[in-house]
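> output the structure for:
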Amino acid sequence: MTAIAESPGRRLRKLMEESGICICPGVYDGFSVRLVEMMGYKTASISGAGLSESKLGWADVGIMGYEENVHASGLLAACTSMPLSADGDTGYGNAMNVYFTVQGFERAGIACLMIEDQVWPKRCGHMEGKQVISAEEGVEKIQAASEARRDPDFMIKARTDATAIHGVSEAIRRLNLYAEAGADLLFADALLSAEDIATVARNVSKPLAVNMGFGIRQRPTTPLLSARQLEDMGVKVVSYPRMLTSAAIQGMKNALAVLNQSIEEGRVIDRPDLLVPFDELNTLMGLPRIKELETRFVRTRR
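A predicted model of the protein is given here:
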């Protein structure tokens, strides 16, 4: 009899039950999700900003909609064994919309969905001009999200952006309300000091997640801290949402600069150090598995 596989939510919950901080690189495409898994990470967070920027070519200001988001997230979940968290933005409407948004992401194979309390169209948490809905409406959304899940292990991550507008105390108040409404994981975005992070971690009733914004150089923003420092503060999950997108862009800039030099000088400039080898790329993208399937199933040749 075939054993029933654990759901993505159950696998993520088991990781969360382990001691120590849970580290989640931000992924946004097939390259990044496969590379993160190959490098030994046990889970990852799908960057909503990364999807909007790489798929649509537009900044993270609410241009990407539900269908684009859930479709792209499902494709990433299908090509990795890691349980993935996704960014559900504001849920694309009111609490009723949140209900169906959660069910869509759960069907797509996601383990955890983040819902935030910004006004739509939302903005990246480190951009100016953010606004938040009332705490009461935020609670309605998290209640709907909690009840929508078919798998009780599917996780709801509640995010508040209230700090930049109303201060840390209001962010803590909202997060505790969201925890009471059914959230499993809490996230106060754009905390501006280590003291703020420690304060929030001490005063919320569910595990706290934070983002470390490698690649964000403007100030003010959340200070960069090591995973060990965050763990000592009581943080359970740390994500790095912009690290891989920023690294990829920089790598492409470096390669194009060499191509420009080659064109200007009229000669071939080969820089293997800037490019992943072709065989390594094919291995990363699952070619050995495809060959194995061909050997098993494709016996006739044209």
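> please, where are all the helices along the stretch 51-200 of the chain?
Assigned by DSSP state H, counting those that start in this stretch, the helices in the stretch 51-200 of the chain fall at 66-78, 95-107, 135-148, 163-166, 168-180, 194-203.
> report the buried residues of the lowest-mean-pLDDT helix or strand in the chain.
Taking mean pLDDT, DSSP states H and E as the measure, the chain has helix 163-166 as its least confident helix or strand, at a mean of 91. By 16 or more other Cβ atoms under 10 Å, the buried positions in helix 163-166 come out as Thr163, Ala164. Yep, even glycine has a C-beta here, placed from its N, CA and C like the rest.
> check the offset of that helix from the chain's centre.
Relative to the centre of its chain, helix 163-166 is centred 22 Å away, using Cα atoms, centre = their mean, to the nearest Å.
> could we number from 247 for the rest of this?
Yep, numbering from 247; the last one is helix 409-412 now.
> break this structure into its domains for me.
As given by automatic domain parsing, the domain ranges for the chain are 265-494, 502-542.
> reformat those domains as TSV; add distance to Ala251.
Below are the domains of the chain laid out as TSV (distance: least, Cβ to Cβ, whole Å):
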stretch	distance to Ala251
domain 265-494	10
domain 502-542	18
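> please work out which of those domains is packed deepest.
Highest mean neighbour count among the domains of the chain (mean count of other Cβ atoms under 10 Å): domain 265-494, with a mean of 20.
> that one spans what distance, first to last residue?
32 Å (Cα to Cα, to the nearest Å).
> gap between it and the chain center?
Remark: domain 265-494 is offset 6 Å from the chain centroid, using Cα atoms, centre = their mean.
> same check, this time on stretch 537-548
Using Cα atoms, centre = their mean, the mean C-alpha position of stretch 537-548 is found 36 Å from that of the whole chain.
> before we move on, what about stretch 253-264?
Centroid displacement of stretch 253-264 relative to its chain, using Cα atoms, centre = their mean, is 16 Å.
> and it, what's buried?
Ser253, Pro254, Gly255, Arg256, Arg257, Leu258, Arg259, Leu261, Met262.
> who's in contact with that stretch?
Contact with stretch 253-264 is made by 252, 268, 288-289, 323, 329-331, 352, 355-358, 395, 397-401, 431, 453, 482-483, as judged by Cβ atoms under 8 Å, 6 or more residues apart in numbering.
> try it again at 6 Å.
Residues outside stretch 253-264 that contact it (Cβ atoms under 6 Å, 6 or more residues apart in numbering) are Cys268, Lys288, Thr289, Pro329, Gly355, Ala357, Cys358, Asp397, Asp399, Phe400, Met401.
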